[in-house]
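Undergrad: Generate coordinates for the sequence data below:
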Amino acid sequence: MGDCKPGNPEVEVGEDLIVAAKSIARALGSKKNLTNGERKILADLGTKLSSLMTNRSTLNEIKVEDFGDIEDRLNSIQDKVMGWEADQTMVWDSSSNEANEYLNTVEEARQVIESLEGLCLSKDDEKYELLNRANDVLQTAMTRLEDEFRYMLVQNRQPCAPEHMSFRSCEEDTVDVNSLMSFGDDSVEDSFQRDSVSRASEDSIIDLVRPEVIPDLRCIANMMFNCNYERECTQAYTTLRRDALDECLSYLEIQKLSIEDVRKMEWVSLNSKIRRWVWVMKIFVRIYLASEKWLSEQIFEELGPVRLDCFVEASKASILQLLNFAEAMSIGPHQPEKLVRILDMYEVLADVLPDIDDLYFGEAGSSISMECHDVLLRLGESVKTTVIEFENAIASNPSTNPVSGGGIHPLTRYVMNYMRTLTDYGQILDLLLKDCDEGDPVSLSPDTSPTKEEENKSTDDSSGRKSPMARQFLSFASSLESNLDEKSKLYRDASLQHVFLMNNIHYMAQKVKGAELRLIFEDDWIRKHNRKFQQHAMSYQRASWSFILSLLKEEGIQNPGSNSISKSLLKERLRSFYLAFEEIYKVQSAWLIPDPQLREDLQISTSLNVIQAYRTFVGRHSNDISDKLIKYSADDMENYLMDLFEGSPKLLQSSSRSRQVVYPTSNMNSQQICQACGHKEVRAMRGHIVCPASKNLLKWLLLLEVTSIAIDSGGQDPIKAESSTLEECLTHVHNLMKKKPPLNYNYATNLDLLESVEDTTFFQRRPVSASDRS
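TA: Numbering: from 1, shown residues only. Reported below is the predicted structural model:
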């Protein structure tokens with residue numbers, strides 16, 4: 001409450017003037033020789049002093065008459081106020097009549113004090129004690145009103161979370177991303193899914209306090225302000241509402257974290273907190289702060305600027321808590337995996353900035369509004385710095401070990417999926433990156449060779465300009481290609497270098513063909529990179545197959561001094577061809593081309609070149625080559641070439657023709673055979689299902705019901721064994737395999753497996769059951 005003066009200063013000054021005037025009059029009266037002017041002044045002064053003394057006498061009579069009534073009124077007021085002090089119940093928990101009566105009593109006390117202060121009582125006046133009593137009564141009443149005000153705000157506070165608000169915890173679906181190498185095809189998008197709350201659900205005012213008590217709170221606030229207790233009222237309000245908003249943030253799982261806490265946090269936990277911050281920032285500003293301001297306007301409706309002051313003081317701590325987290329994120333470190341999350345924060349803060357400006361205006365709210373603008377600016381700078389750091393990381397990403405089999409490097413997957421994710425932030429990136437040297441599309445790239453610059457310039461649109469984000473993406477791709485060129489040198493085999501580059505450039509081109517990136521890179525870039533990976537495919541074929549195809553040429557197999565074919569040289573040439581083919585098969589079956597279509601295209605292209613040359617060579621020299629020299633048929637070799645680039649090393653038998661176990665397709669399917677033998681390469685051939693892993697013959701026969709078995713004799717008609725039971729079938733095969741085959745049937749492959757069985761007791765370990773015969 002404001003200070004209550006015991007008397008009227010003007011009255012005290014007036015009394016001093018009267019004393020001074022009397023002294024002047026006495027002095028002038030004692031003077032013997034007065035001028036006419038002095039006599040006139042003395043007469044006027046006497047008249048005025050007489051009139052003044054008469055008025056003071058009348059006023060004293062009025063005071064004496066009114067003091068009795070004022071004291072009676074004060075006694076009645078004091079009885080009512082102290083009566084409620086003796087009763088511990090809250091006034092507003094009683095009837096509305098009781099509350100209105102109490103407010104009327106307080107208003108009457110205020111009027112009594114106003115009347116007493118208007119009587120110009122001096123501190124020495126015995127009636128001055130009445131004014132002190134009135135002030136004490138009013139202070140007691142104000143303390144009661146403050147308690148009632150607090151009680152109503154607390155007891156009528158609404159739950160913090162509206163029913164339509166929900167947030168799914170993202171802890172369980174967050175990927176631990178500690179470096180550029182942490183991501184596969186899907187993990188980037190899974191980790192960086194954008195979180196959004198629809199605007200329709202954001203823009204709404206909720207009742208933070210039950211609406212029915214708002215009029216009572218307004219009356220109390222007005223009364224306390226009228227009685228000069230505005231400081232007590234606003235402090236009570238801002239303290240309680242500040243605590244309520246803090247509790248709201250706690251309910252929304254927003255913790256109070258220092259900048260150092262944020263910097264030390266593990267990325268998995270930090271990623272989750274950023275996603276929650278993005279969600280909370282929207283609803284907190286557009287729902288809770290908007291509702292908080294509405295509450296302040298309703299309670300302090302008649303008190304002018306107090307409405308904004310109370311809102312700002314109540315909400316300042318909570319909005320600054322949210323902004324401090326964003327500021328901590330903007331400081332760094334500027335790791336690439338944080339870029340998308342910082343963009344999320346920038347996007348949501350930019351989105352709610354107009355709302356914040358509307359909430360915090362004028363002198364009272366300017367500091368909050370300015371802080372929001374500053375944090376947004378710092379987030380933008382963090383985005384630009386992180387973009388540069390990301391490209392530096394692409395260009396300098398180290399590799400000491402090559403990717404197994406020449407497959408797609410994790411860096412390639414990461415960068416391409418990362419760019420696809422960033423396309424969702426095109427407008428923001430264009431805004432933030434427009435200052436990054438617009439004239440040079442590869443200004444941020446460490447690779448500034450003329451070839452790269454020419455390539456990027458050639459992808460400009462018809463106007464010769466691209467968006468800032470498009471230029472940056474081209475720079476990313478350029479840096480990635482340069483790094484891949486360096487990584488390819490980790491392979492000693494030139495053929496594998498080309499397979500590695502083919503795989504990775506093909507992957508880049510396929511990703512760019514998607515709708516998100518195609519508009520940015522454009523079709524010309526795609527065509528150039530399609531040609532690039534096709535060139536690497538052709539380079540692979542030259543590096544891998546040039547030597548082996550040279551063995552199928554006519555040069556060097558004639559007898560010296562004649563055009564006749566030397567059978568010994570021909571035999572040696574075939575032997576060298578088979579050895580080279582087996583070596584390529586062993587090595588390149590372990591290489592990997594993940595894309596099925598690309599793998600099949602390269603297999604077919606290679607097969608056309610190699611098999612055609614082999615058929616021609618063998619056919620031309622069929623009269624000079626015996627069956628024993630033909631180790632593999634053209635069909636076999638064609639099948640073997642289809643095993644290349646599967647990422648699983650395989651071996652060819654060097655001592656004999658291949659043998660396959662064939663099951664009739666009418667009795668079982670390839671899936672059954674795969675389940676039995678564990679072999680993945682089961683395929684149909686001339687009405688039969690064929691599995692090349694003949695070493696597992698006994699395992700298959702023991703696990704599968706069969707009614708006929710055919711042993712492929714390498715292109716000859718198969719020998720069929722009809723049997724009605726599993727035991728008879730096994731015995732027949734056992735006896736068949738124990739026989740010495742004719743020379744033109746090369747059954748020796750894995751024959752030792754069956755020859756290890758001494759007698760038919762092996763087959764009798766599993767009794768024949770009725771199900772076997774059915």
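
Undergrad: need the contact list for K80.
TA: E101, Y102, T105 (CB atoms under 8 Å, 6 or more residues apart in numbering). C-beta here means a position set from N, CA and C on the backbone, and glycine is covered the same way.

Undergrad: same thing but at 7 Å, please
TA: Under the criterion of CB atoms under 7 Å, 6 or more residues apart in numbering, the neighbours of K80 are T105.

Undergrad: in a helix, that's where it is, yeah?
TA: Yes. Using DSSP: H, G, I helix; E, B strand; the rest coil, the assignment for K80 is a helix.

Undergrad: What separation is there between it and N104?
TA: Noted for K80: a distance of 9 Å to N104, by CB to CB, to the nearest Å.

Undergrad: all strands in the protein, in order from the N-terminus.
TA: With DSSP state E as the definition, the chain shows strands at residue ranges 661-664, 683-685, 688-691, 708-711, 719-722.

Undergrad: quick one: the closest residue to M419 other than its chain neighbours from L379, how far?
TA: With sequence-adjacent residues excluded and distances taken as CB to CB, 6 or more residues apart in numbering, M419 is closest to F473, at 5.4 Å. Taking CB to CB as the measure, F473 falls 21 Å from L379.

Undergrad: And these two? Which one has more around it.
TA: Here F473 and L379 are compared on neighbour count by other CB atoms under 10 Å; more neighbours surround F473, at 24 against 21.

Undergrad: Run a quick check on that one versus E522, I expect a contact.
TA: No. Taking CB atoms under 7 Å as the contact criterion, F473 and E522 are not neighbours in contact, 11.0 Å apart.

Undergrad: Q603 contacts N639, correct?
TA: No. The pair Q603 and N639 fails to qualify as a contact (CB under 7 Å) at a distance of 10.6 Å.

Undergrad: pLDDT score for Y540?
TA: We note a pLDDT of 94 for Y540 in this prediction.

Undergrad: The residue lying closest to it once chain neighbours are set aside - how many residues pack around it?
TA: Taking CB to CB, 6+ apart as the measure, Y540 lies nearest to H498, with 4.0 Å between them; neighbours along the chain are not counted. Neighbourhood size, H498 [other CB under 10 Å]: 24.

Undergrad: Please list all residues in contact with H498.
TA: Applying CB under 7 Å, 6+ apart, one finds that H498 lies in contact with H536, S539, Y540, A543.

Undergrad: Can you add distance to S482 and give the residues you listed back as a markdown table?
TA: Shown next, in a markdown table, are the contacts of H498 (distance: CB to CB, whole Å):
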| residue | distance to S482 |
| --- | --- |
| H536 | 16 |
| S539 | 18 |
| Y540 | 21 |
| A543 | 22 |
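
Undergrad: Which one (most neighbours) among the residues you listed?
TA: Within the contacts of H498, neighbour counts (other CB under 10 Å) peak at Y540, which reaches 25 neighbours.

Undergrad: contacting residues for that residue?
TA: Taking CB under 7 Å, 6+ apart, we find Y540 in contact with S495, H498, V499, M502.

Undergrad: Distance check, it against Q510.
TA: When distances are taken as CB to CB, Y540 and Q510 turn out to be 18 Å apart.

Undergrad: Also S467?
TA: S467 is 23 Å from Q510, where distance means CB to CB.

Undergrad: what's the answer for N132, then?
TA: In this structure, N132 and Q510 are separated by 90 Å, where distance is defined by CB to CB.

Undergrad: between these two, who's got more neighbours?
TA: Under the criterion of other CB under 10 Å, the comparison of N132 against Q510 puts Q510 first, with 17 against 12.
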